[in-house]
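Sharing a model that was predicted from the sequence below.
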Amino acid sequence: MQIDLNCDCGESYGRWELGDDAVMFRYVSSANVACGAHAGDPDVMRQTVRQAKAAGVSVGAHPGFPDLLGFGRRVVQMSPDEVFNSVLTQIGALYAIAKVEGVTLAHVKAHGALYNYAAVNPPIAQAIADATAAFDKRLIFVALAGSPLVAAGQKAGLHVAQEAFADRAYEADGSLRNRKLAGAMIEDNALALAQVIRMVTEGYTLSHNEQRVTIQADTICLHGDTPGAAARAQFLRNGLEHAGIAIKVLSEK
């Protein structure tokens, strides 16, 4: 049994530092690198790609709403065409840096509010998937498990990897619990590990109110900007391997 373990990263900006990517890369297998819209800048993007390459971590683009002030966690009213163009541009920006560094982009995963909005808005989900496919159909499309993003990626002719979360609580309908609500983040490492093992080995998790939620997971996400993220990544990797679950990048699954 195996799973990909990914993290959102490259989210510093200028003199503002967020997360400890170099340490996270010791434990994860895939990196979702911010592309300058919700976070990141050219210097941070290039440094992050270099660090991921040195650690043997697969690199993917992490496009978000153009909202640096809100860290991409606020919905920006954009048409599907505008989302398509924004996502295409962000993938292209990271691709240019990755190419110079001798790194092949492996996947695309939308960030924050764009990801969650697309998970309940099929036209936006399709715009993200279509932009990814227009850029390169070989890119793996990372989608919230069971959401319209999955169907959008399949319709665009992409290989879809369904994603679940180690450090986020779920609602009974399979959506992620809103960060503004109590209990949205799982900060206890043991609880996070238990959730991941249950999803990987048994195909379900429990919602915040203890209802069973079916989850098909190809990749598990950890947020690099949360307190204790690096220690949580180490704890999860060690725990998964101890449970007989190998950590493999999506391209090897």
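Great, that's in hand. Numbering: from 1, shown residues only.

Quick check: which ranges of this structure have low pLDDT?
The chain contains residues with pLDDT under 70 at 252-253.

Got phi/psi on Gly224?
phi -70, psi -10 (degrees, to the nearest 10).

And for it, the neighbour number?
By other CB atoms under 10 Å, 26 other residues sit near Gly224. C-beta coordinates here come from the backbone N, C-alpha and C atoms, glycine included.

ok, it to Ala96 distance?
Separation of Gly224 from Ala96 (CB to CB, to the nearest Å): 23 Å.

Same check on Val108?
For Val108, the distance to Ala96 (CB to CB) stands at 15 Å.

Between those two, which is the more surrounded one?
Higher neighbour count among Val108 and Ala96: Val108, with 29 against 13, using other CB under 10 Å.

who's that one bridged to?
Following DSSP bridges, Val108 is listed with bridge partners Ala61, Phe141.

Let me know whether it touches Phe141 as I believe.
Yes. Applying CB atoms under 8 Å, one finds Val108 in contact with Phe141, separated by 6.0 Å.

Which neighbours do the two have in common?
Thr132 (CB atoms under 8 Å, 6 or more residues apart in numbering).

what helix or strand does Arg50 sit in?
Arg50 is part of helix 42-55 when elements are defined by DSSP states H and E.

distance between that helix and the chain's centre?
The chain centre lies 17 Å from the centre of helix 42-55; the measure is CA atoms, centre = their mean, to the nearest Å.

ranges for the helices of the stretch 151-253 of the chain?
In the stretch 151-253 of the chain, the helices defined using DSSP state H, counting those that start in this stretch lie at 189-202, 229-242.

Just give me how far the last one sits from the chain centre.
If I follow you right, that is helix 229-242. How far helix 229-242 lies from its chain's middle: 17 Å, per CA atoms, centre = their mean.

would you put the C-alpha positions of it in PDB?
Extracted in PDB, the C-alpha atoms of helix 229-242 (Å, rounded to 0.1, in the frame of the first residue of the first chain):
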ATOM      1  CA  ALA A 229       3.900  21.700  10.200                       C
ATOM      2  CA  ALA A 230       7.400  20.300   9.800                       C
ATOM      3  CA  ALA A 231       7.100  18.200  13.000                       C
ATOM      4  CA  ARG A 232       3.700  17.000  11.800                       C
ATOM      5  CA  ALA A 233       5.100  16.000   8.500                       C
ATOM      6  CA  GLN A 234       7.800  14.000  10.200                       C
ATOM      7  CA  PHE A 235       5.300  12.400  12.600                       C
ATOM      8  CA  LEU A 236       3.000  11.400   9.700                       C
ATOM      9  CA  ARG A 237       5.700  10.000   7.500                       C
ATOM     10  CA  ASN A 238       7.100   7.900  10.300                       C
ATOM     11  CA  GLY A 239       3.700   6.800  11.300                       C
ATOM     12  CA  LEU A 240       2.600   5.800   7.800                       C
ATOM     13  CA  GLU A 241       5.700   3.900   7.100                       C
ATOM     14  CA  HIS A 242       5.400   2.100  10.500                       C
END
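
Report the buried residues of that helix.
229-230, 232-233, 235-237, 239-240 (16 or more other CB atoms under 10 Å).

now stretch 105-114
105-114.

Rebuild these as TSV, extending it with distance to Pro123.
Shown next, in TSV, are the buried residues of stretch 105-114 (distance: CB to CB, whole Å):
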residue	distance to Pro123
Leu105	25
Ala106	26
His107	22
Val108	18
Lys109	19
Ala110	14
His111	18
Gly112	18
Ala113	16
Leu114	13
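
which of these sit farthest apart?
Ala106 and Ala113 (23.7 Å; CB to CB).

How many residues are close by the residue nearest to Gly146 when sequence neighbours are not counted?
Nearest non-adjacent residue to Gly146, counting by CB to CB, 6 or more residues apart in numbering: Gly174, 4.8 Å away. Residues within reach of Gly174, counting by other CB under 10 Å, total 17.
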